[in-house]
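Trainee: Below are the sequence and a predicted model; questions follow.
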Amino acid sequence: MPRPIRALLALAALLGSLVAGGALTAGPAAAADDRPVVTVGSEGTYPPFTFRDPDTDDLTGYDIDVIKAVAKKAGWRLTFVDAPFDSLFAALDSRRIDVIANQISINPERQAKYGLSDPYTYSRGVIVTPTDTDDITSLGDLKGRTSAQSTTSNWAEVAEKAGARIEAVDGFAQAAKLLEQGRVDAAVNDNIAVLDYLATSGSKKIKIAGEAGESTQQALTFRKADSERLAEANKALEELRDDGTLKRISEGYFKADVSIEDGGEAQASGRAGRNGLDVAKDQAGPMLKALVKATIPLAAISFVLGLVLALLVALARIARSRWLTVPAGVFISIIRGTPLLVQLFIVFFALPAIGLTLPPFVAAVIAFTLNVAGYAAEIIRSAILAVPRGQTEAARTIGLDYRQTLRRVVLPQALRTAVPPLSNTLLSLVKDTSLASTIFVTELFRVTKTAADESTEYLTLYVVAAFYFWVVCWLLSLAQKRLETRLDRYVR
Amino acid sequence: MTSLLTVRGLTKSFGDNHVLRGIDLDAEAGTSTVLLGPSGSGKTTLLRSLDTLEVPEAGTVRIGDVEVDFGALPAKGRAREQQLRALRAQSGIVFQQHHLFPHMTALENVVEGPVTAQGRPKDEALAEGRALLEQVGLSEKASQYPSELSGGQQQRVGIARALAIKPRVVLFDEPTSALDPELVGEVLAVIKDLAAQGWTTVIVTHEVRFAEQVADQVLFLDGGVVVEHGPPSQVIGDPQQERTQRFLRRVLHPGGA
């Protein structure tokens, strides 16, 4: 059956061009500016070091100001990518970012693997517990207790060495929430971040319960091979230290100089707390934008491409040649037998290892397309097989060839059977796009989560996000009903 | 006079079941051939073989100037498909279950072959399609879906659809077996009409009385071979073979001794 093969090749070419196009847009923008472009990775949810200004929504904070000052001295042009803490090192490894500016503490493992700059922060760790906990005052008390940590953070290592069980979280805001809700016993973090959280949230439910050992130093983190940028950064940091810029930036945030050892006790003033409704009002717009600009296009493109691929896979699956049925069966089995999240991570984080670095949106489209194809192929296959054999015989006897039979007789009837289960696939897909947040696609869930971590207004913001998802799914199910009625018009 | 349809030595088996064991058949243009026989005798398989819905292992089928030697047919590939398509285009088939396309109206069913398969101009095909529907007495039903038609009407649309591709031979596979008794007459009337207009037909049926009226020749099949053939007056009126006699007794006097 040569036709499906030809169609498959065409689809592969289409996907290929999509990938190539995406890769191009990911490259440095062509401009007259010949300064090197340096992409900075930062959480944007770790105030006062890196966070979004609630009024302007711009990325700001101590680390952001420092890297901007460094870039000015070193002659770099900066672009920013915000990502969960645990994704930062993977993003650096896979060359999606060039430097991490996110309070990365210096430790021997990191020194061995990465290019760490001279320190620009001196800080100390503290142990945070619920206010009514009185049996945790030192690292020794953490033995056997549960501590909420970002798993790739230095503080996680400190807590683990002290014998704590680690509950993995995305950042300190989440850790604080878990503590307030009594779901974990403790969290170890930087004292400034904790002070800032306490000042901003006004939370009386958690407290600083003790010191977490010696002071630590934080550095900008580059790839080991990127020694040129590292040298430029160190030179810039030295100049900034000498001309008082670092001190000025630090005092602006902490009323003390944390860029040197013993620069005074840092204070955090926090930011004006705002109530949930104000936050929701502010965020409803950006969230809607993310829904329209990322979530919906992602679902729509993946669904259409996925259906095309699914049709080809389904036809291959019912073909006579084993050269078609076996690969199609293997494909379906792999897609249905592995988690979607793993598929996303393979496309995004693992393919760079073989030289294929895709921009987040393209990577998400590919992963979701393959996923939809795997599930829809089985739906389409069974819908095709449900069309009575007499129909294809009748089509053949009036002279229709394979493709005409498929297009004119089999698929219109199979469609009717397939619409309800395919609609389920689409609804799942719309909701599953939230997983793309883990590979930096700025879709609805990611925007919501960033805003929630920043403002700690979890309830309001997640309810708004849920409402947005529900509206989309509700509209889709209305469309499904109309389509079914239309397809049913010839059935009495 | 040369025949329009010639079948020689056709054999076909499904596994160990030898359904056709060397069938010969000749039909002249404009004649009606009726295939009679008990179920399992191979008559439906023979009919389906003429339209290549079944592909025999050996033997030849010639319709007009298209001949396929099944024994010499390639096992697969383009050449095989081309030969089968050429032969298939020579005949149109009317099924026991009408197999109309449920998502198309009566008229759309009829013009599907001419327009999609044969690529003929749509308005021309539509005009012909309407004429065909009128011929089978359904000009009022052109825009109805099959589900909105009675069994007899469905079968008549099926006949119009088979005629629309302008076949040399029209094949009928038990066209009235699935119908309620009161609907049988209208379908048989249409078939009789076609025969009278000079269409060449091959009909598998259990309606012996109908066969007597419409057939120019009758073939009685049993166990995959032609047991007896000749004009209906002979095969039905005065059968020579014991198996033919027994079959006719059973279908004509189902309750009899």
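Mentor: Happy to help now that I have it. Residues are numbered from 1 along each chain as shown, chains lettered A, B, ... in the order given.
Trainee: So out of everything in the stretch 151-257 of chain B, what residue is nearest chain A?
Mentor: B:I165 (5.4 Å; CB to the nearest CB). For every residue, glycine as well, the C-beta is placed using N, CA and C.
Trainee: SS state for the closest residue to that residue other than its chain neighbours?
Mentor: Leaving out its chain neighbours, the residue that sits closest to B:I165 by CB to CB, 6 or more residues apart in numbering or on different chains is B:G113, at 4.2 Å. Here B:G113 takes the helix state, with states given by DSSP: H, G, I helix; E, B strand; the rest coil.
Trainee: name the helices or strands packed onto the helix or strand where A:A236 lies?
Mentor: Taking DSSP states H and E as the criterion, the element that holds A:A236 is helix A:227-242. With contacts taken as 3 or more CB pairs under 8 Å, 6 or more residues apart in numbering or on different chains; DSSP states H and E, helix A:227-242 sits against helix A:62-74, strand A:114-116, strand A:206-223, helix A:245-254.
Trainee: Which residue lies nearest the spatial centre of the chain?
Mentor: Defaulting to chain A. Centrality entry for chain A: nearest residue to the mean C-alpha point is A:T438, 2.3 Å, by CA atoms, centre = their mean.
Trainee: not what I meant, chain B
Mentor: B:L171 (1.8 Å).
Trainee: Against B:P74, how distant is it?
Mentor: Distance, B:L171 to B:P74, by CB to CB, to the nearest Å: 25 Å.
Trainee: of the helices and strands packed on helix A:227-242, which approaches chain B most closely?
Mentor: strand A:206-223 (55.8 Å).
Trainee: following the strand or helix carrying B:G158, which helix or strand shows up next?
Mentor: B:G158 is part of helix B:151-164 when elements are defined by DSSP H and E. The element immediately downstream of helix B:151-164 (helix or strand, assigned by DSSP H and E) is strand B:169-173.
Trainee: and the nearest residue to A:E238 once chain neighbours are set aside, how many neighbours?
Mentor: Of all residues not flanking A:E238 in the chain, A:D118 sits nearest, at 7.3 Å (CB to CB, 6+ apart). A:D118: 15 surrounding residues under other CB atoms under 10 Å in any protein chain shown.
Trainee: so what's A:D118 up against?
Mentor: A:219, A:234, A:237-238 (CB atoms under 8 Å, 6 or more residues apart in numbering or on different chains).
Trainee: Quick check on these: which are buried?
Mentor: Burial by neighbour count, judged by 16 or more other CB atoms under 10 Å in any protein chain shown, picks out A:219, A:234, A:237 from the contacts of A:D118.
Trainee: and the lengthiest helix in chain A, which residues are buried?
Mentor: What stands out as the longest helix in chain A, according to DSSP state H, is helix A:458-487. Within helix A:458-487, the residues scored as buried using 16+ other CB under 10 Å are A:458, A:460-461, A:464-465, A:468-469, A:472-473, A:480, A:483, A:487.
Trainee: Just give me the closest of these to chain B.
Mentor: A:L487 (8.1 Å).
Trainee: Look at the closest residue to the closest one other than its chain neighbours and report its pLDDT.
Mentor: Nearest residue to A:L487, sequence neighbours excluded (CB to CB, 6+ apart): A:R416, at 4.5 Å. Looking at A:R416, its pLDDT reads 89.
Trainee: Test my guess that A:R416 contacts A:R489.
Mentor: No - the criterion here is CB atoms under 8 Å, and A:R416 misses it with A:R489 at 10.3 Å.
Trainee: Write out the residues of the stretch 101-250 of chain B neighbouring chain A.
Mentor: Residues of the stretch 101-250 of chain B lying close to chain A (CB under 8 Å from any CB of the partner chain) are B:101-104, B:112-113, B:116-118, B:145-148, B:161-162, B:164-165.
Trainee: What residue in the stretch 201-350 of chain A comes nearest to chain B?
Mentor: A:R320 (8.5 Å).
Trainee: helix/strand/coil for that residue?
Mentor: Quick answer, by three-state DSSP: A:R320 is coil.
Trainee: what's the angle between the helix or strand B:L126 falls within and helix B:151-164?
Mentor: Assigned by DSSP H and E, B:L126 belongs to helix B:122-135. Helix B:122-135 and helix B:151-164 are oriented at 140 degrees to each other (axes from the mean of the first three to the mean of the last three CA atoms, to 10 degrees).
Trainee: Contacts for helix B:122-135 next, please.
Mentor: B:106-107, B:110-111, B:114-115, B:139, B:141-142, B:157, B:160, B:163-164, B:193.
Trainee: any idea how far the residue nearest to the centre of chain B is from B:T200?
Mentor: The gap separating B:L171 from B:T200 is 10 Å, by CB to CB.
Trainee: Quick one: neighbours of A:I334, just the number.
Mentor: Around A:I334 there are 12 residues (other CB under 10 Å).
Trainee: Return the residues in contact with the spatially closest residue to A:G276 that is not a sequence neighbour.
Mentor: Counting by CB to CB, 6+ apart, the nearest residue to A:G276 once its immediate chain neighbours are dropped is A:T460, at 3.7 Å. Contacts for A:T460 (CB under 8 Å, 6+ apart) come out as A:276-277, A:279-280.
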